[in-house]
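Asks: what would the 3D arrangement of this be:
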Amino acid sequence: MDPRVATVVLVPLLGVAAALLTTAVGRFVKIPLVVFEIVLGLLIGPSVLGWVPETDSLAALSNFGLAFLFFMAGNEIDFRSIAGRPLRTASLGWLASLAAGVLLSTLIAGSLVTGVYIGIALTSTALGTLMPVLRDAGEMHTPFGRAVTAVGAVGEFGPLLAISLFLSGRKPLAAALVLIGFAIVAGGAIWFASRGGHRGFHRLVRATLHTSGQFAIRFVVLVIAALVGLSIALGLDMLLGAFAAGVLCRILLSGAEPADARHIESKLEAVAFGVLVPIFFINTGIGFDLPALLGDPRALILLPVFLLLLLVIRGVPGSLSAPPGSTFRDRGALTLLSATGLPIIVAVTAIGVREHDLASGTATALVGAGMLSVLLFPLLALTLRRRSSDGGVRPADPDAVPVEG
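Replies: Numbers count the residues shown, from 1 in each chain. Modelled structure (predicted):
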């Protein structure tokens, strides 16, 4: 079969197959959808069956899917609901993760430069990956879900700042100035959006909500492209722009009528999780170099080491954000979810290999550990939560902002 035809047909087919498998297996055990997407991608990729090769076009779609994943993370975070203790403890936990990660990684790698790459990768939490898991488990508006959101928000935004400051190729002072410039532009846009009003904008959104115009969705895509483009032009990681776009659009679209806002959210979820995000996870499986991992004894040893370090360096500090009164199982579940990381690990290792600061075997082991964390940790965490002493009851968080509905 022509590789182009195989790519066009098999990638959407795997998206459907992953959803069907999740539903079928979900009757017995709750396995996150991304598990099947990654595994099926690995199966049809060059490492196993070789039906679908790595291509520039698929990589471009995958990058856009990754940008949408971070956009949805920024768009779904209600910073009012995690302000105060959750955000404060999550921030302190991430700083502890960064210090421990760089120190231990430098000792393992024997190089400070390599240690910085590995350390930053190990401090990430895949909030964009966890959001659908929390939503499907009914945990979005519980104290536990609120804690996971806080840890995940810091675990995505913190590494993005670290990448921009230390891995951009600039001196820290110059990188900080560029980052400040981006923050001024993005912050100014967010401030303008938060001023309220924008009645003409919302009238246009409503007028095209059920037509082929779809102004709201087209506007969101434009905002993502603009802030991602600005990030790239300034030499920052594109995911920083995507995350900021999510925050901006949440604030701007919050002024719409509640029914309109729900329609827009549903459409964004359909575009993101129905089309683009699955391509990123399937392509992650396709691009994973399994023979390189299996053929490198050092990489094979490092993979379980990195997986354990994710739990120790990221998971344990993340568990400090557990809500008051949490059980041991709850803290264990939060540890596992805090240590779930893949997208930023992929981004950091790609930079490291490109700059020749990170060996390909080490990068493969790191990505492999990230894949295993996504495959295993959410499943184990949800199992612990279901066995928690609250008997599966998920009371509403009294401190959370009420949800329109």
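Asks: for Leu204, what are phi and psi?
Replies: Backbone torsions of Leu204, given as degrees, to the nearest 10, read phi -70, psi -40.
Asks: quick one: Leu384 and Gly145, what's the gap?
Replies: 14 Å (C-beta to C-beta, to the nearest Å). Heads up, the C-betas are built off the backbone N, CA and C, glycines and all.
Asks: tally of neighbours for the closest residue in space to Thr149 that isn't next to it in sequence?
Replies: Distances taken as C-beta to C-beta, 6 or more residues apart in numbering place Ile82 nearest to Thr149, at 5.6 Å, with adjacent residues excluded. Neighbourhood size, Ile82 [other C-beta atoms under 10 Å]: 25.
Asks: the one 3 residues further on too?
Replies: By the measure other C-beta under 10 Å, the count of residues near Arg85 is 14.
Asks: which other helices and strands contact the helix or strand encompassing Thr364?
Replies: Assigned by DSSP states H and E, Thr364 belongs to helix 360-386. The criterion is 3 or more C-beta pairs under 8 Å, 6 or more residues apart in numbering; DSSP states H and E, and the helices and strands that helix 360-386 contacts are helix 33-44, helix 112-122, helix 127-136, helix 277-287, helix 290-294, helix 297-309, helix 328-338, helix 343-354.
Asks: Leu384 and Gly145: which is more packed in?
Replies: Per other C-beta under 10 Å, whichever of Leu384 and Gly145 has more neighbours is Gly145, with 24 against 19.
Asks: quick check: phi and psi at the spatially closest residue to that one that is not a sequence neighbour.
Replies: Distances taken as C-beta to C-beta, 6+ apart put Glu139 closest to Gly145, at 3.8 Å, once the chain neighbours are dropped. Main-chain torsions, Glu139, degrees, to the nearest 10: phi -110, psi 0.
Asks: tell me who's in contact with Pro86.
Replies: Pro86 is in contact with Arg146, Ala147, Thr149, Ala150, Ser321, counting by C-beta atoms under 8 Å, 6 or more residues apart in numbering.
Asks: in helices, which of those appear?
Replies: If you go by DSSP state H, these have Arg146, Ala147, Thr149, Ala150 in helices.
Asks: which one is Ser373 nearest to, not counting chain neighbours?
Replies: Thr340 (4.9 Å).
Asks: kindly report the same for Leu379.
Replies: Nearest non-adjacent residue to Leu379, counting by C-beta to C-beta, 6+ apart: Ile31, 5.6 Å away.
Asks: thought that neighbour was touching Ala19?
Replies: No: using C-beta atoms under 8 Å, Ile31 is not in contact with Ala19; the gap is 12.0 Å.
Asks: gap between Val25 and Val35?
Replies: From Val25 across to Val35, the span is 9 Å (C-beta to C-beta).
Asks: the two - which one has more neighbours?
Replies: Higher neighbour count among Val25 and Val35: Val35, with 20 against 13, using other C-beta under 10 Å.
Asks: the more buried one is in contact with Leu375, isn't it?
Replies: Yes: contact criterion C-beta under 8 Å: Val35 and Leu375 qualify, at 4.9 Å.
Asks: mind checking the SS state of Gly325?
Replies: Here Gly325 is coil, with the state taken from DSSP: H, G, I helix; E, B strand; the rest coil.
Asks: change the start of the numbering to 207 and stick with it
Replies: New numbering, starting at 207: the last item is Gly531.
Asks: count of residues packed around it?
Replies: Residues near Gly531, counting by other C-beta under 10 Å, number 9.
Asks: okay, now the nearest residue in space to Ser303 that is not next to it in sequence: neighbour count?
Replies: Excluding the flanking residues, the one nearest Ser303 by C-beta to C-beta, 6+ apart is Thr329, at 4.3 Å. The number of residues packed near Thr329 is 30, by other C-beta under 10 Å.
Asks: may I have the predicted confidence score for Thr329?
Replies: In this model, Thr329 is scored at 92, pLDDT.
Asks: I figured it hits Ala302, correct?
Replies: No: counting by C-beta under 8 Å, Ala302 is not a contact partner of Thr329; they are 9.4 Å apart.
Asks: against Thr228, how distant is Val240?
Replies: The gap separating Val240 from Thr228 is 9 Å, by C-beta to C-beta.
Asks: so between the two, which is more surrounded?
Replies: Between Val240 and Thr228, counting by other C-beta under 10 Å, Val240 is the more crowded of the two (30 against 18).
Asks: so the more buried one touches Met577, yeah?
Replies: No: with contact defined as C-beta under 8 Å, Val240 does not reach Met577; the gap is 9.5 Å.
Asks: so the closest residue to Asp536 other than its chain neighbours: helix, strand or coil?
Replies: Spatial nearest neighbour of Asp536, excluding adjacent residues (C-beta to C-beta, 6+ apart): Ser594 at 5.5 Å. Three-state call for Ser594 (three-state DSSP): coil.
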